[in-house]
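Colleague: Got a predicted model here, sequence first, then my questions.
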Amino acid sequence: MKAAVYYETGGPDVFRYEDVPDPTVYPGGVVVRVEAVSIEGGDTLNRAGGLLTSVPHIVGYQAAGTIVEVGEGVTDRKVGQRVVTTMVSGSHAELVATPAVVAWPIPDGADLVHAACVPIAFGTAHDCLFEFGHLTAGETVLVQAGAGGVGIAAIQLAKRAGATVLATASSESRLARLYDLGMDHGIDYSNDGWVDAVRAHTGGRGVDLVVDSVGGKVLQGSVACLRYRGRAITVGSAGRDPQPFDLSVLGGMNQSITGVFLGAEIATERALAMIAGLIDDVAAGRLTVVVDRTFPLAEAAAAHAYIESRQATGRVVLIP
């Protein structure tokens with residue numbers, strides 16, 4: 001099979017498009033012929049400086065396609081079934097082997113490219129808002145990096161739950177596309193004073209909950225946006241402006257901060273059912289996936305470079 005591989009970490013130009021051995025099926029697993037790869041934030045971070053599970057390394061942990069082989073003991077998946085699946089690595093390829101338990105069926109008639117973008121982004125957003133963020137109707141939430149995959153999902157889910165939704169992005173043009181998804185107020189966080197702008201939209205009170213997928217300097221600003229007893233969620237830090245966080249600032253206002261990693265619970269009965277419901281919601285049009293651009297798998301380097309240019313709104317997808 002063909003795959004986008006690299007032999008060492010670094011910039012997008014480390015990618016090579018090469019022939020590699022086909023994956024083999026294993027007990028409890030399936031082999032999927034990949035038809036769409038949702039490039040996740042962790043994929044770019046891994047390529048830039050993460051661990052190589054093999055050499056050459058095939059990065060990527062989410063893709064959708066059609067099952068071509070079923071392993072021993074798998075009774076609830078079948079050859080020819082369309083699925084969206086997650087894995088530790090290997091999505092940037094024509095074939096991938098993955099545990100059957102994290103291969104969710106795609107409903108008949110659903111857009112496979114859109115389904116390819118659901119489990120991690122929408123599942124993470126759901127956990128940040130509800131499982132760990134305890135968001136309730138009538139509260140106010142700030143979604144950092146609102147134009148990213150998790151951000152776009154969080155805006156929609158929070159609005160559907162009856163919250164007032166504030167979101168940030170790095171430009172007014174990226175913010176403009178978010179109002180139709182449920183954002184009530186947009187803030188350009190490339191400008192100084194964005195914390196004051198958030199507080200102004202809440203009458204100086206602050207927000208009940210922040211979902212922060214940026215980290216570093218932005219996380220400090222997120223906490224400064226919280227009300228008394230407000231909650232901050234930090235998830236999948238994008239790695240920009242890394243700096244230590246002083247937890248003592250939380251005490252004076254009885255605030256809290258929680259780290260979230262969907263991968264730690266993705267195979268639990270709770271998370272599996274939650275993600276299945278989100279896939280159904282997207283298939284039925286109750287939630288929207290935004291795909292900014294698609295690239296051929298052979299152009300993985302260009303796709304990663306485009307993501308890192310911070311121009312995209314929504315997901316960038318590779319098509320083998």
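Modeller: Cool, the structure landed. Note that the structure is predicted; figures quoted are calculated from it, not measured.

Colleague: contacts, neighbours, all on C-alpha from now
Modeller: OK.

Colleague: And the residue of the chain positioned farthest from its centre, how far from Y228?
Modeller: Computed with C-alpha atoms, centre = their mean, the residue of the chain farthest from its C-alpha average is G252, at 32.4 Å. Distance, G252 to Y228, by C-alpha to C-alpha, to the nearest Å: 9 Å.

Colleague: Leaving out sequence neighbours, find the closest residue to the residue nearest in space to the middle of the chain.
Modeller: Closest to where the C-alpha atoms of the chain average out (C-alpha atoms, centre = their mean) is A121, at 2.9 Å. In this structure, A121 finds its nearest non-sequential neighbour in V150, 4.5 Å apart by C-alpha to C-alpha, 6 or more residues apart in numbering.

Colleague: Would you mark the buried spots in the helix or strand harbouring the one you found?
Modeller: Using DSSP states H and E, V150 sits within helix 149-160. Within helix 149-160, the residues that count as buried by 16 or more other C-alpha atoms under 10 Å are 149-159.

Colleague: which residues touch that helix?
Modeller: 121-122, 124-126, 129, 135, 141, 143-146, 164-165, 167, 178, 181-183, 213, 287-290, 314-315 (C-alpha atoms under 8 Å, 6 or more residues apart in numbering).

Colleague: Determine the three-state secondary structure at the residue nearest to the centre of the chain.
Modeller: Using DSSP: H, G, I helix; E, B strand; the rest coil, the three-state assignment for A121 comes out as helix.

Colleague: Give me the buried subset of the contacts of helix 149-160.
Modeller: Buried among those (16+ other C-alpha under 10 Å): 121-122, 124-126, 129, 135, 141, 143-146, 164-165, 167, 178, 181-183, 213, 287-290, 314-315.

Colleague: Give me the subset of the residues you listed that lies in strands.
Modeller: In this view, those that belong to strands under DSSP state E are 141, 143, 164-165, 167, 315.

Colleague: With respect to I67, which of those residues is nearest?
Modeller: R315 (23.4 Å; C-alpha to C-alpha).

Colleague: wait, isn't the closest one in contact with G41?
Modeller: No - assessed by C-alpha atoms under 8 Å, R315 is found out of contact with G41, at 9.9 Å.
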